[in-house]
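> Give me a model of this one.
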Amino acid sequence: MSDGRYPAFGVLAVDDEPAWLRSLRVALGRAGIDNLATCQDSREVPGLLAAGGVGLVLLDVNMPHLSGEELLTRIAAEHPEVAVIVISGMNQVETAVRCVKAGAFDYFVKTAEEDRLVSGILRAVRMLELQRENRDMASRMLSGALAHPEAFAGIVTRDRAMLAIFSYVEAVARSPQPLLVLGESGVGKELVARAAHALSGRRGPLTAVNAAGLDDTVFADTLFGHARGAYTGAEQVRRGMIEEAADGTLFLDEIGDLGTASQVKLLRLLQEGEYFPLGSDRPKRLQARVIVATHHDLAARQAAGTFRRDLYYRLCTHQVRIPPLRDRKGDIPLLLEHFLAEAAAQLGKKKPTVPKELPQLLATHAFPGNVRELRAMAFDAVSRHRERILSMEPFLEAIGRAGGARPAEAEAADSSLFAGVDPLPSIRGAVELLVQEALARAGGNQTLAARLLGVTQSALSKRLKAARD
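Just a heads-up that it's a prediction; the model follows:
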């Protein structure tokens, strides 16, 4: 893990003018770059690079002993993974061309506007970050191994898609760019955000804000805080959640519910990296990594005009989509055992034995509430548990209350059970089809199939026997 400085790799500024180095440190510090080392003697640079850890060199051209151009050539030959930005005291086109041809990432003049220089350095930092993320991701995807599996200990799964998501999150966890976590309600988006925070190496906390139901004023006050007297009743200065998350992670949940005005504020925060507390004219810097989550389809919302396109593209640099529980049914037995053990421990009971039909029953349910719904079922069942074998009744009741509920997209796809079937089957034929479907979902278990159909096992056995005769 890093010490929390940004970027994760070192930036080395080489110049024989100490006043310039001090000025550069202040300018970069305002932009959030604090992993900066300085060197006034160019002869020391080869040794500093050989020690490792440096990803970007800011190099003056005119220096005694070893010139910037000589150093550039040597760095390009010996450390091709290190990017170099040349910063000269003079605007010399020929020198700039030679430096770029020799491998410099960019060339700036010291007298240029400070913002232009800082923007160029930030651009180089982001390029190097993306290169490192791509290398890390490719390595992890090929090896299939996680460097820090303990960060995902709170997520119970053996699903391949989930394990691939873990590899991706681990690869982008140190990036300063936002991470967008998509998925239906109850799939565990906050758990993924917490894993990304744990892997980020940041010293500060993860601060969570649920944006659902917040109007523009409350959203701004919650995030940015306010100065004394900002509005009626604001008698004291209030720190916003951004400040609370300093050097850590700001997790904004349900950002798909934000109104247009709040979307603009969030966009400006991400673009400018600074914000104004309500009632204050003094800006503050964003010093936290931002992770956002939503159960909405943001791509569809921005296409429909209800979510700003520029904000959408700002957020989707890094994104993961957590699959719903119905798409990873192999996790149901694992999650069931986990939640039963958790419930038993909290309720002071012995963990009950699971009947073999229960995982099969749960596999037939669409789980519109996903993992959260399964957890609620398990806790309710354990709280009512009296015998050694866990009763299936609480689960059947919960499924019945859900009314066979399915996500909206699944309902739209199957708006009619007999869509495309022509001619319609007879009532007898439809019943036979229903029985066969129940048996298929129950894995051939007649007891479970009877429960799914809402009939007794004996009634189902009679119908099957009659069909065979």
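> Quick one: residues contacting residue 259.
Contacts of residue 259 were listed using C-beta atoms under 8 Å, 6 or more residues apart in numbering, and they are 215, 216, 219. (C-beta placed from N, C-alpha, C; glycine too.)
> no, scratch that, I was asking about residue 339
Applying C-beta under 8 Å, 6+ apart, the residues contacting residue 339 are 374, 375, 378, 379.
> closest to residue 387 among those residues?
Sorting the contacts of residue 339 by how near they are to residue 387, with C-beta to C-beta, puts residue 378 at the top with 16.2 Å.
> Against which helices or strands is the helix or strand hosting the closest one packed?
For residue 378, the enclosing helix or strand under DSSP states H and E is helix 370-383. Packed against helix 370-383 by the contact rule (3 or more C-beta pairs under 8 Å, 6 or more residues apart in numbering; DSSP states H and E) you find helix 332-347, helix 393-402.
> Name the residues of the helix or strand that the longest one is followed by that are buried.
On the C-terminal side of helix 332-347, the closest following helix or strand by DSSP H and E is helix 357-363. Burial within helix 357-363, assessed by neighbour count using 16 or more other C-beta atoms under 10 Å, is assigned to 357, 358, 359, 360, 361, 362, 363.
> Okay, domains of this structure per the record?
If you go by automatic domain parsing, the domain ranges for the chain are 10-135, 150-323, 325-407, 426-469.
> where among those domains is the average confidence lowest?
The weakest mean pLDDT among the domains of the chain belongs to domain 426-469, with a mean of 77.
> List the buried residues in the longest helix belonging to the chain.
Identified as the longest helix of the chain according to DSSP state H is helix 114-143. Of the residues in helix 114-143, those buried by neighbour count under the rule 16+ other C-beta under 10 Å are 117-118, 120-122, 124-125, 128-129, 132-133, 136, 140.
> Then stretch 293-311?
Buried-residue list, stretch 293-311, by 16+ other C-beta under 10 Å: 293, 294, 295, 298, 301, 302, 307, 308, 311.
> Out of those, list just those in strands.
Using DSSP state E, the subset of the buried residues of stretch 293-311 located in strands is 293, 294.
> out of the contacts of residue 259, who has the most neighbours?
Going through those with other C-beta atoms under 10 Å as the criterion, the one with the most neighbours is residue 219, at 21 neighbours.
> I'd say that one and residue 263 touch.
No. Counting by C-beta atoms under 8 Å, residue 219 sits too far from residue 263 to count as a contact (9.7 Å).
> Can I get whichever strand or helix holds residue 458 as CSV, trimmed to CA atoms?
Assigned by DSSP H and E, residue 458 belongs to helix 457-468. As requested, the backbone C-alpha atoms of helix 457-468 are provided in CSV (Å, rounded to 0.1, in the frame of the first residue of the first chain):
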residue,chain,number,x,y,z
GLN,A,457,-47.1,-33.8,-3.2
SER,A,458,-49.8,-36.5,-3.3
ALA,A,459,-51.8,-34.5,-5.8
LEU,A,460,-48.8,-34.0,-8.0
SER,A,461,-47.9,-37.7,-7.8
LYS,A,462,-51.5,-38.7,-8.8
ARG,A,463,-51.3,-36.3,-11.8
LEU,A,464,-47.9,-37.7,-12.9
LYS,A,465,-49.1,-41.3,-12.5
ALA,A,466,-52.3,-40.5,-14.5
ALA,A,467,-50.2,-38.9,-17.3
ARG,A,468,-48.0,-42.1,-17.5
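> for the contacts of residue 259, which one is nearest residue 100?
The shortest distance between residue 100 and any of the contacts of residue 259, using C-beta to C-beta, involves residue 219 and amounts to 45.2 Å.
> tell me which element that closest one is part of?
helix 216-224.
> just residue 55 next, same as before
Taking DSSP H and E as the definition, residue 55 sits inside strand 54-60.
> could I have stretch 311-319 exported to PDB, CA atoms only?
Taking Å, rounded to 0.1, in the frame of the first residue of the first chain, the C-alpha atoms of stretch 311-319 are listed here in PDB:
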ATOM      1  CA  LEU A 311     -21.100  14.100 -16.400                       C
ATOM      2  CA  TYR A 312     -21.800  10.600 -17.600                       C
ATOM      3  CA  TYR A 313     -18.600  10.500 -19.600                       C
ATOM      4  CA  ARG A 314     -16.700  12.100 -16.700                       C
ATOM      5  CA  LEU A 315     -17.900   9.300 -14.400                       C
ATOM      6  CA  CYS A 316     -17.400   6.300 -16.700                       C
ATOM      7  CA  THR A 317     -13.600   6.300 -17.000                       C
ATOM      8  CA  HIS A 318     -13.600   3.300 -14.700                       C
ATOM      9  CA  GLN A 319     -16.800   1.300 -14.300                       C
END
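> Identify each buried residue in it, please.
Those buried within stretch 311-319 under the rule 16+ other C-beta under 10 Å are 311, 312, 314, 315, 316, 317, 318.
> now do stretch 381-394
Taking 16+ other C-beta under 10 Å as the criterion, stretch 381-394 shows 381, 382, 385, 390, 392, 394 as buried.
> Span of it from start to end?
Separation of the first and last residues of stretch 381-394 by C-alpha to C-alpha, to the nearest Å is 5 Å.
> what residues does that stretch touch?
Outside stretch 381-394, the residues within contact range by C-beta under 8 Å, 6+ apart are 340, 343-344, 347, 349, 352-355, 357-358, 361, 377, 380, 395, 451.
> buried subset of those?
In those, burial by neighbour count holds for 340, 343, 344, 352, 354, 355, 357, 358, 361, 377, 395, 451, counting by 16+ other C-beta under 10 Å.
> quick one: the strands in the stretch 1-150 of the chain?
Counting by DSSP state E, counting those that start in this stretch, one finds strands in the stretch 1-150 of the chain at the ranges 10-14, 36-39, 54-60, 83-88, 106-109.
> Report all helices and strands that the last one contacts.
Strand 106-109 makes packing contacts with strand 83-88, helix 93-101, helix 114-143 when contacts are defined by 3+ C-beta pairs under 8 Å, 6+ apart.
> what would those look like in CSV with distance to residue 160?
Listed next are the helices and strands packed on strand 106-109 as CSV, based on distance: least, C-beta to C-beta, whole Å:
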stretch, distance to residue 160
strand 83-88, 36
helix 93-101, 45
helix 114-143, 12
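> May I see the buried residues of whichever helix or strand comes after the longest helix of the chain?
Once the chain leaves helix 114-143, the next helix or strand it forms, by DSSP H and E, is helix 160-172. Taking 16+ other C-beta under 10 Å as the basis for neighbour counts, the residues of helix 160-172 that come out buried are 162, 165, 166, 167, 168, 169, 170, 171, 172.
> Go through these and say which is closest to residue 468.
The closest of the buried residues of helix 160-172 to residue 468 turns out to be residue 162 (C-beta to C-beta; 42.8 Å).
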